[in-house]
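Novice: Mind folding the following:
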Amino acid sequence: MGYQDINAATINRWIKEEDWEWGRAISHEDYIKALNGDWDVKLTPGKFVPHEWFGDFKGKKLLGLASGGGQQIPIFTALGAECTVLDYSDEQLASEKMVAEREKYKVNIVKADMTKALPFENESFDIIFHPVSNCYIESVEPVFKECYRILKKGGILLCGLDTIINYILDENFEKVVFSMPFNPLKNEEHREFLQKLDCGYQFSHNLSEQLGGQLKAGFILTNIEDDTGGEGKLHEMNIPTFIMTRAIKWTTHD
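Specialist: Down below sits the predicted model:
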């Protein structure tokens, strides 16, 4: 079993046994609000994504990349997008199916591992919505390359990104205890720490990987916003530990 399968099984368990926040599907009432233009979504734990980052949804083909759970995709569908969701967690995808059946709309549900080539044709989507999730994979630059490939020219990539701050500190967020990069596949201390906290396999990624990776893939970054973790000591101290980014696919032929 690869670490990706372990992470999927861990998330399945969080949803079934621990009421994981990012696995709670939206209510019927919130779906109706979205139909009436009252909506917000998150890429990172605390802040809502500015509406102007999206543009018009109607008729746009949107991919929720590692975005299962029945939280964002129902809203994008209500706003007029033609949505596909890709995730590797059965429970997250089950929530997408449940909401779609409850609200009687169509969504393309795909179970796939985002560390592999994405199962879509070139230039398939207008928007990719990618909430915080690449902390669960060892290498992020291939994901950005795949996103560039499957986006149409002028398409938008929206990402929620973890920072290394979350991986340098002890479990009480008081002392700097770990050197970077944080990689449980290569460092036994890192692996034991994650096992103790039941966090699956997680990996640090610096800004060179995450912002530089988007630029290397060909994207133009248009917006960046800091965010905190939404709770805990660092949040209370207003220390940003996440960023959300907006980038567009640009080529010399545009």
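Novice: mind listing the helices for this structure?
Specialist: 3-18, 28-35, 73-78, 90-103, 141-150, 165-168, 188-197, 207-217, 232-236 (DSSP state H).
Novice: Among these, which comes closest to Cys159?
Specialist: Shortest distance between Cys159 and these, using Cβ to Cβ, is found for helix 207-217: 7.5 Å. Placement of C-beta: from N, CA and C, glycine included.
Novice: now for the closest one, which elements pack on it?
Specialist: Counting contacts by 3 or more Cβ pairs under 8 Å, 6 or more residues apart in numbering; DSSP states H and E, helix 207-217 is packed against helix 141-150, strand 151-162, strand 219-227, strand 242-249.
Novice: right, and the helices of the chain - which one's nearest Val177?
Specialist: Among these, if distance is taken as Cβ to Cβ, the winner is helix 165-168, at 7.3 Å.
Novice: related to what we said a few turns ago, JSON lines for the helices and strands packed on helix 207-217, including distance to Leu234, mean pLDDT and mean neighbour count?
Specialist: As requested, the helices and strands packed on helix 207-217 are arranged in JSON lines below (distance: least, Cβ to Cβ, whole Å; pLDDT from 0 to 100; neighbours: other Cβ atoms under 10 Å):
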{"stretch": "helix 141-150", "distance to Leu234": "26", "mean pLDDT": "98", "mean neighbour count": "20"}
{"stretch": "strand 151-162", "distance to Leu234": "12", "mean pLDDT": "98", "mean neighbour count": "22"}
{"stretch": "strand 219-227", "distance to Leu234": "11", "mean pLDDT": "98", "mean neighbour count": "16"}
{"stretch": "strand 242-249", "distance to Leu234": "10", "mean pLDDT": "98", "mean neighbour count": "22"}
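Novice: between these, which one is nearest to Glu103?
Specialist: Glu103 lies closest to strand 151-162 among those, at 22.9 Å (Cβ to Cβ).
Novice: Please state the offset of the closest one from the chain centre?
Specialist: Centre-to-centre, strand 151-162 and its host chain are 11 Å apart (Cα atoms, centre = their mean, to the nearest Å).
Novice: again with stretch 42-61
Specialist: Per Cα atoms, centre = their mean, the centroid offset for stretch 42-61 relative to its chain is 13 Å.
Novice: average pLDDT across it?
Specialist: Mean pLDDT, stretch 42-61: 97.
Novice: and it, how far apart are its ends?
Specialist: 19 Å (Cα to Cα, to the nearest Å).
Novice: likewise stretch 113-121?
Specialist: So stretch 113-121: terminal residues 16 Å apart, Cα to Cα.
Novice: re the thing from before, please identify the most buried of the helices of the chain.
Specialist: Across the helices of the chain, averaging neighbours per residue (mean count of other Cβ atoms under 10 Å) puts helix 73-78 on top, at a mean of 25.
Novice: Name the nearest residue to His190, sequence neighbours excluded.
Specialist: Pro184 (4.4 Å; Cβ to Cβ, 6 or more residues apart in numbering).
Novice: any idea how far Lys47 is from that neighbour?
Specialist: 28 Å (Cβ to Cβ, to the nearest Å).
Novice: Equivalent analysis for Glu174, please.
Specialist: 25 Å.
Novice: follow-up on the earlier one: which one of the helices of the chain lies nearest to Asn122?
Specialist: helix 141-150 (5.6 Å).
Novice: what does that closest one rub up against?
Specialist: 63, 65, 114-115, 117-118, 120-125, 128, 130, 134, 137, 157, 209, 213-214, 216-219, 249 (Cβ atoms under 8 Å, 6 or more residues apart in numbering).
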